[in-house]
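S.K.: sequence-free structure coming up:
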């Protein structure tokens, strides 16, 4: 199983962002350029691949 494609758990999102409130977690991920979707419960969902290789970093590499 490729762990890059594994969805990050709610506990890990909380630990990584430093926030318990889903809207704050989303804002933190957004500010870092990490692609995510919000679930019906309002919590951000993303994979380790997206977290480890943020969209902002990928776009920057294309134009450098």
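M.R.: Everything's here; your move. Because the structure is a prediction, the values reported are computed rather than measured.
S.K.: list the buried residues for stretch 15-25?
M.R.: 16-17, 19, 22, 25 (16 or more other Cβ atoms under 10 Å). Any C-beta I mention is one placed from the backbone N, CA and C, and that applies to glycine too.
S.K.: what does stretch 43-58 rub up against?
M.R.: 3-8, 10, 13, 16, 22, 25-26, 29, 32-39 (Cβ atoms under 8 Å, 6 or more residues apart in numbering).
S.K.: just the buried ones from those residues?
M.R.: Counted by 16+ other Cβ under 10 Å, the contacts of stretch 43-58 give 8, 10, 13, 16, 22, 25-26, 29, 34-36 as buried.
S.K.: identify the farthest-apart pair in those residues.
M.R.: Spatially, the most separated pair among those is 10 and 35, at 17.5 Å (Cβ to Cβ).
S.K.: which of the buried ones among the contacts of stretch 43-58 fall in helices?
M.R.: 10, 13, 16, 22, 25-26, 29 (DSSP state H).
S.K.: got these as a markdown table, with pLDDT and distance to residue 47 columns?
M.R.: Formatted as a markdown table, these follow (pLDDT from 0 to 100; distance: Cβ to Cβ, whole Å):
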| residue | pLDDT | distance to residue 47 |
| --- | --- | --- |
| 10 | 98 | 14 |
| 13 | 98 | 11 |
| 16 | 96 | 13 |
| 22 | 98 | 17 |
| 25 | 98 | 15 |
| 26 | 98 | 15 |
| 29 | 97 | 12 |
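S.K.: okay if I get the buried residues of stretch 15-25 as CSV plus distance to residue 53?
M.R.: CSV is the format used below for the buried residues of stretch 15-25 (distance: Cβ to Cβ, whole Å):
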residue, distance to residue 53
16, 14
17, 17
19, 22
22, 23
25, 19
